[in-house]
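Colleague: One predicted model, sequence on top.
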Amino acid sequence: EIEIQKFFTGVRKTLLQKDELVVEVVFKPLTEEHKSTFVKNALRRAQAISVLNVSCVTKIIDGVVAEARIALGAVSTTVMRATDAENFIIGKKADPELIHKTAELAAKSAHPINDIRSSMAYRKKMVTVLVKRALEQTLLGIGEPPKIEGVVLWGKNISTYKPLNGNDLVFDKNSALSMK
């Protein structure tokens, strides 16, 4: 059994040995009081590797943050938790100012990478933006994530090509898929 924080050791590197295989991943189940969200920043709307992403799980009781988990992806060489930000927000009344300060703390704890998708400076700024959005969604119910309707085909611009949706697909009498 390995804690997830220790499992990833670097870019495309884990603690797994050549003869080992992951057979189970176990998570503590969320309760009805927990709220979670995943916010992704990418160069395209579909089938895109994240420039960076943020996942938050929070629990609020009587307007006070009881639990908070903030994970940052594609920011460092491995997924990381913003533990300073998590510890800061717990026990405080959820409001926009607290969320802003927590997002700034998350950005301070990040150690962004430079790569083909983004600079360090951009990632650092966007950590603040995405953590703020994620916390607004989970703590205040503001700004639900956008719903993408249909499938955008690889390399197709959504404004030029209409995305597929369930109404565009029909099955003929021989059960072959055809387009309207």
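Modeller: Structure received. Residues are numbered from 1 along each chain as shown.

Colleague: Packing partners of the longest helix along the chain?
Modeller: Assignment by DSSP state H gives helix 120-135 as the longest helix of the chain. When contacts are defined as 3 or more C-beta pairs under 8 Å, 6 or more residues apart in numbering; DSSP states H and E, helix 120-135 packs onto strand 34-42, strand 50-61, strand 64-73, helix 96-109. (Each C-beta comes from the backbone N, C-alpha and C, glycine too.)

Colleague: give me that answer again for 7 Å
Modeller: strand 34-42, strand 50-61, helix 96-109 (3 or more C-beta pairs under 7 Å, 6 or more residues apart in numbering; DSSP states H and E).

Colleague: right, and those - which one's nearest Phe8?
Modeller: Phe8 lies closest to strand 50-61 among those, at 14.5 Å (C-beta to C-beta).

Colleague: Tell me the buried residues in that closest one?
Modeller: Burial within strand 50-61, assessed by neighbour count using 16 or more other C-beta atoms under 10 Å, is assigned to 50-60.

Colleague: what does stretch 26-40 give?
Modeller: Result for stretch 26-40 [16+ other C-beta under 10 Å]: buried residues 34-35, 37-40.

Colleague: Now tabulate the helices and strands packed on helix 120-135 in TSV and tack on distance to Leu72 and mean pLDDT.
Modeller: Output for these, formatted as TSV (distance: least, C-beta to C-beta, whole Å; pLDDT from 0 to 100):
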stretch	distance to Leu72	mean pLDDT
strand 34-42	11	90
strand 50-61	6	92
helix 96-109	7	96
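
Colleague: export the ones you listed to CSV and tack on distance to Arg123?
Modeller: Listed next are the helices and strands packed on helix 120-135 as CSV, based on distance: least, C-beta to C-beta, whole Å:
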stretch, distance to Arg123
strand 34-42, 9
strand 50-61, 5
helix 96-109, 9
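
Colleague: was I right about Asn114 contacting Ala121?
Modeller: No: Asn114 lies out of contact with Ala121 (C-beta atoms under 7 Å); the separation is 9.0 Å.
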